[in-house]
Each structure stands twice: as C-alpha cells, then as structure tokens.
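# following is a predicted model, sequence given first.
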Amino acid sequence: MLRVLENPLYYLDNFQGVLDWISERYADLLSPEETRFISRFALLPLPSRALFVRLVMRKGCLFRASKLNYEEIGDTRAAALPLLELKWVELDPAISLDALFELLLKPEISQAFQLAAPLKTARKAEQLEALREQHAQEQAFSAWYPASDDVLYRIDNQDLCDRLRLIYFGNYHQDWSEFVLSDLGVYQYEKVEFSSQSRGFGTRQDIELYEVLHQCRERFNEGVEPADVLLQLGTLAARDAHNPWLASRREKLQFQIGQHLEKCQDWRTAYRAYADCRYPGARGRAIRVLEKDAQPQAAYDRLTIALQAPESEAERQLLLRMAPRLRRTLGHPKQPAVAAVQAVRIDLLLPPPQQACYVEAVVQQHLAQDDAPVYYVENTLLNSLFGLLCWQAIFKAIPGAFFHPFHRGPADLHSADFYPRRSGDFQACLAQLDSGAYQATIRTTYAAKAGIVSPFVSWEVLDDGLLELALTCIPAMHLKKAFERILLDIKSNRSGLPDLIQFWPAERRYRMIEVKGPGDRLQDNQQRWIAYCAQHAMPISVCYLQWQDAQQ
C-alpha cells in the first residue's frame, strides 16, 4: 500500500539531505565551486530553494514561468529573483528555433510568426522545417515571441547538480526519484549500518575519471566512431589502475564496443578491443574474432593457452565449441568427442491454445495435478531461497559495499572478490544446510524482510505456499549445491535455471523442467545448469513441446 506524502516540501528536504550527506562524507573531494554552492544554497529563502530544486528535478533546462505553478512555493517569479542574482538561473536566454518549438503550442507559433494558411494549419514539424532556413540564429525568447507576457528561465548549473548526484549515488543511473519512490513505499531498502567513512569515491580523480568514462559511453551511444572511443579509453587505463571498480567499468565499455565491432564484421578493430580487455568473456571473444578473420593458427594458439585455465564455465564451454573447428581447419587429427550430459527428456504433442500465451504456461497447465502443482519460476525461486538464507552475508557492511541508503545490493556484487571478502559469512550461512537450521533462517528472513529490495529475492513471485513447498520438497543438499554454483559466478549463474518446478509434497520430492517450444533450443547457460544438476543428481528435465496442427 502506497504511503501519502504529507510534507509538500519533501523534495527540498531530500535535496538538502543529499547536500548534508555529501558535506559530511566528501568535503575533502569537493571543488571550490561545489563547496560554495552547498553553503550558498542553505542561505537562500525557502521559496527560492524549493523552486531551484523543482527545476533541477524537472526534465531539460528551459522553463516557462507560466508552467511553474507550485502551491507550496507561491509566486515563482518572486522566488526566482535570488536565483537570478546568483546566476544559477538565467532570465530570457538566447535559444534556437528548435528549442522554441519545444516550448510553444501551435497557436502560439502562429501568433509569434504571423503564419498564414496553409502553413498555419500544417503540422508543427512542417512549420519548423519551413521556418528553419530564415531563422538560423539564436535569439532571446522575448525576441522570438514579443507578444507574450510569459518569461523564460534557464537553469545554468544543472551539470554541477548532476555531479553532486553522482558523488552521492556513485553512478548516473540513479536519480532524485529514488527518494520519492522510497518515501511512497514503492521501494524499500535494507538499512545497512555503515560508517561515515564509507563512500563511493576515494579521490577527486575517481570522480573525474567516472565522468570521462560516462562521456565515452555517451559518445559511443551517439554513434561516434568506435575506434575513436577506444583510443580515448586506452588513455584512461593507466589512470584507473589504482581503482579496480573504475577499471572494471572501463573494460566493460571496451567489451561492449568490441561486441558492436564484431557485429559490424570489423574483425581487426574488434580483436584490438577484446585483446586488451580483462572483462569476463573478452578473451574468448578475441579468439572467436581471430577465427572469423581467417587467422586459425593465432586463434588456436590462444585457445590452447586459455583452456589450461578457463576463467569460467562459460568460457570453457565456448572454447570447447571452437576447438574442433579450429583443429579441423588446421588439419589436426580429430579428437574423440566428449558426450554431452543429457537431461531427462519430455516430449509433448498438444493442441495449440485458443488464446495466445507462452509455451511455459501451456506445459505448466498440462503437467499440473492436484497432488503435484507446477509453478513457473525460471530464475526466481532458487535465487530467492539463496538470498533469504544468505541475507546477512549479502548485506554485510564492509568497506566499499554500501555508501548511501538506496542500494539494491552491494556495489561490489559482480566483482571478482565479492565472495572472498565474505567467504566466512557465506560458509556460515551454507553450513545451516548441513545442520537443518536453514529452514528457520529462511522463514524468519522471509517474514522480517518482506518487500525489501534484494538482488536475489523476487518478492513478486515468492509467496507462503511456494516457499513451504520448496522447503518441504527440495533436499538441503540440492539447495547447497545450487547455492555454491551461484556463488561461483554470480553474474552468470543467477540465470539459466529451468522455467518450471513441480512438487510432490506427499513424497517430499520435486523436479525442475526447462520448456522448449517448436524450433527453440537450449541456451549455453541453460546447458551448463543442466550438466551441473545431472552431475549432482538434482532432478531436471527438458520438455520439448510441439503443436498437433504442425504434425498434420
């Protein structure tokens, strides 16, 4: 149930809270401009502070006074005066014709330019195109539209406020809406007790590097030549060597650029992107690109080295798939194939549903029995049970893991040292699966943490009935094996789990079922989970569904 925000100035309180938080924890990293802004903001009249925050939180940087109507602020033109004096807001800025068209309605455009038929009734896009050639220069809003009694403001320090938001959150994808959604109860976050020394950035250089990386990503997304972005990323490698988190972000972007170049079949540039990248998967991609670029010997040499110490199950799977092709191309003797692990196979021939629905739902309905219910869970159930059992370890307040109140999970969740830094805590959690204490822990956490955001627990799927069936029917040893594999590679192994799970509560047993419709095939991560489950005698099946009409 959503809460009601009784304080009309909630957004101002939230903004001030961010400034106070930054002042307490990051004072030594702030620029003189940022320090002056924080101190001056507190001295402004309340209506001016409220108006400024309203502008910061709105989209864009241009605002018509007539659109700024806030009951709790009152006269917004009067509230703007102190902001104009500080030059935080500019009055009547020069703007382009395109910007003007974003601000005006069609009747206002007709009045401003004295349009006559047929242009007066044309679409805005057509009006803009017709006027663009003769109105190429920027000019003040009042010059564009002298008949209007409205005024235009432009906020001039949005970049500074965005940087303060970056310092607070440690990223650009979280914004001011986090506070509102939390206040309304849409999202609830775990309260982690961390010290005032916990922060996302350790030096001013870290902040500046993050901003440069963000600019590189923006340039790549905007279509800048990938090789140019790669060149700029290369200059950052020596600067972020002291910060594994920033280095990982740079390598992730480099990996994504390599993927783009690979899709464009620019093999040489893609190889350079992958070869100098330590992001998981880059080494295997580099070998694959060499193969596609007709360099089988170079590819095979690198593959042989990589197979001696694969970085993950996913890389080993990729390398073993490439090896026979490369050996054949190079004329090497054929090696005996290793038989793939086969799951129990279920073949179904069913009439197509009368209404469109997912094949998983068709199989779920067909297999379900009164004494053997079937649930669609995919990646949610085992991850949720893991998250409930290991809640304390996941949310342990260790340096660098949490540094503001809106973390969905630890900041280092996907880092290589996530598990090693908490190994003792996770071992203690998993030891409960040997003693039998795990069921009480999972139930207690489920009740105490209901609705709190977690990187593992899917509250929208997990309910009392499903939880009890899982605890009754899935043996503790099977849970332990599944949890150990999740911890082995959290990023890769949280996915690929079977679509359905069926329980026989009277017999205290279960089976997991991956569903494949006509023409569908097992994905790599699904094959890895199937092989792992088969290795540890965890019941898993693959159901291949065909429609009866297709057989006639």
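Arrived safely, thanks for sending.

# C-alpha only now, for contacts and for neighbours.
Noted.

# next up, phi/psi of Glu34, please.
phi -70, psi -40 (degrees, to the nearest 10).

# quick check, pLDDT for it.
Per-residue pLDDT puts Glu34 at 97.

# can you tell me the closest non-neighbouring residue to Ala343?
For Ala343, ignoring the flanking residues on the chain, the nearest one in space by CA to CA, 6 or more residues apart in numbering is Ser541 at 5.3 Å.

# and the one you found, what element?
Using DSSP states H and E, Ser541 falls within strand 540-547.

# pairing partners for that strand, with directions?
Here strand 540-547 is paired, per DSSP bridges, with strand 344-350 (parallel), strand 509-516 (parallel).

# next, the angle from the helix or strand just after the shortest one to strand 509-516.
Moving toward the C-terminus from strand 344-350, the next helix or strand (DSSP H and E) is helix 359-367. Note on geometry: by axes from the mean of the first three to the mean of the last three CA atoms, to 10 degrees, helix 359-367 and strand 509-516 are set 140 degrees apart in direction.

# what residues does the next helix or strand after helix 359-367 touch?
Using DSSP H and E, the next helix or strand after helix 359-367 towards the C-terminus is strand 374-376. Strand 374-376 is contacted from outside by Glu360, Ala361, Gln364, Gln365, Leu367, Ala368, Asp499, Leu500, Ile501, Gln502, Phe503, using CA atoms under 8 Å, 6 or more residues apart in numbering.

# buried ones among those residues?
Burial by neighbour count, 16 or more other CA atoms under 10 Å: within the contacts of strand 374-376 this picks out Glu360, Ala361, Gln364, Asp499, Leu500, Ile501, Gln502, Phe503.

# just the closest of those residues to Gly234, please.
Asp499 (41.7 Å; CA to CA).

# the closest one - nearest residue in space that isn't next to it in sequence?
Distances taken as CA to CA, 6+ apart place Glu378 nearest to Asp499, at 3.8 Å, with adjacent residues excluded.

# which intervals of the stretch 51-200 of the chain have sub-threshold pLDDT?
Counting by pLDDT under 70, the stretch 51-200 of the chain contains no low-confidence segment.

# how about the helices in it?
Residue ranges of the helices in the stretch 51-200 of the chain, as given by DSSP state H, counting those that start in this stretch, are 76-85, 97-103, 106-113, 124-132, 141-144, 158-169, 177-183.

# wait, which of those helices is closest to Ser198?
Ser198 sits nearest to helix 158-169 of all the helices of the stretch 51-200 of the chain, at 11.2 Å, using CA to CA.

# list the buried ones in the closest one?
Buried residues in helix 158-169, counting neighbours by 16+ other CA under 10 Å, are found at Gln158, Cys161, Arg163, Leu164, Arg165, Leu166, Ile167, Tyr168, Phe169.

# stretch 521-538 too?
Residues of stretch 521-538 classed as buried: Asn525, Gln526, Gln527, Arg528, Trp529, Ile530, Ala531, Tyr532, Cys533, Ala534, Met538 (neighbour count, 16+ other CA under 10 Å).

# repeat that for stretch 380-388.
So, applying 16+ other CA under 10 Å, buried residues of stretch 380-388: Thr380, Leu381, Leu382, Asn383, Ser384, Leu385, Phe386, Gly387, Leu388.

# ditto for stretch 484-499
484-487, 489-490, 492-499.

# which stretches of the stretch 101-250 of the chain form strands?
For the stretch 101-250 of the chain, the strands defined by DSSP state E, counting those that start in this stretch cover 139-140, 152-155.

# most tightly packed of those strands?
Mean neighbour count, computed with mean count of other CA atoms under 10 Å, is highest for strand 152-155 among those, reaching a mean of 20.

# dump the buried ones among the contacts of strand 374-376 into CSV; add distance to Val151 and pLDDT as well.
As requested, the buried ones among the contacts of strand 374-376 are exported to CSV (distance: CA to CA, whole Å; pLDDT from 0 to 100):
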residue, distance to Val151, pLDDT
Glu360, 57, 95
Ala361, 57, 95
Gln364, 61, 96
Asp499, 57, 97
Leu500, 60, 98
Ile501, 62, 98
Gln502, 65, 98
Phe503, 67, 98
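
# and which of those is nearest to Leu319?
Asp499 (27.0 Å).

# ok, the closest residue to Phe179 other than its chain neighbours to Gln174 distance?
By the measure of CA to CA, 6+ apart, the closest residue to Phe179 outside its immediate chain neighbours is Asn14, 6.7 Å from it. According to CA to CA, to the nearest Å, Asn14 and Gln174 sit 14 Å apart.

# more neighbours, those two?
In this view Asn14 and Gln174 are compared by other CA atoms under 10 Å, and Asn14 has more residues nearby, 17 against 14.

# whatever helix or strand that one lives in to helix 158-169, inter-axis angle?
If you go by DSSP H and E, Asn14 is part of helix 10-26. Per the same axes, to 10 degrees, the angle that helix 10-26 makes with helix 158-169 is 70 degrees.

# now helix 10-26: buried residues?
Buried residues in helix 10-26 (16+ other CA under 10 Å): Tyr11, Leu12, Asn14, Phe15, Gln16, Val18, Leu19, Ile22, Ser23, Arg25, Tyr26.

# can you check stretch 175-192 too?
So, applying 16+ other CA under 10 Å, buried residues of stretch 175-192: Phe179, Asp183, Gly185, Tyr187, Gln188, Tyr189, Glu190, Val192.

# ok, residues contacting that stretch?
With CA under 8 Å, 6+ apart as the criterion, stretch 175-192 contacts 1-5, 11, 14, 57, 165, 395-397, 402, 405-408, 451-453.

# narrow these to those that are buried.
Here, 16+ other CA under 10 Å leaves 11, 14, 57, 165, 395-397, 402, 405-408, 451-453 buried among the contacts of stretch 175-192.

# next step: these restricted to helices.
By the criterion of DSSP state H, membership of the buried ones among the contacts of stretch 175-192 in helices covers Tyr11, Asn14, Met57, Arg165.

# need these in TSV with distance to Tyr300, can you?
As requested, these are arranged in TSV below (distance: CA to CA, whole Å):
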residue	distance to Tyr300
Tyr11	59
Asn14	57
Met57	54
Arg165	47
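
# so which of the helices of the stretch 51-200 of the chain is nearest Pro45?
Closest among those, once you apply CA to CA, is helix 76-85, at 8.0 Å.

# packing partners of that closest one?
helix 46-57, strand 89-91 (3 or more CA pairs under 8 Å, 6 or more residues apart in numbering; DSSP states H and E).

# next one: that helix to chain centre, how far?
Taking CA atoms, centre = their mean, to the nearest Å, one finds helix 76-85 lying 38 Å from the centre of the chain it belongs to.

# again with stretch 335-351
34 Å.

# what's the answer for stretch 474-490, then?
Relative to its chain's centre, stretch 474-490 lies at 24 Å (CA atoms, centre = their mean).

# how much space separates Arg283 from Ser142?
Plainly put, Arg283 is 58 Å away from Ser142 if you go by CA to CA.

# the two: who's more crowded?
More neighbours surround Arg283 than the other of Arg283 and Ser142, with 24 against 16 (other CA under 10 Å).

# mind checking how far that one is from Leu488?
Distance of Arg283 to Leu488, given as CA to CA: 19 Å.

# cool, and Asp463?
Taken as CA to CA, the span from Asp463 to Leu488 is 27 Å.

# likewise for Asp150?
Between Asp150 and Leu488 the computed distance is 61 Å (CA to CA).

# also Arg154?
Going from Arg154 to Leu488 by CA to CA gives 51 Å.

# with Pro82 instead?
Pro82 is 56 Å from Leu488, by CA to CA.

# do the same with Val461
25 Å.

# could you do Arg49 as well?
49 Å.

# show me what contacts Glu193?
Per CA under 8 Å, 6+ apart, neighbours of Glu193: Ala397.
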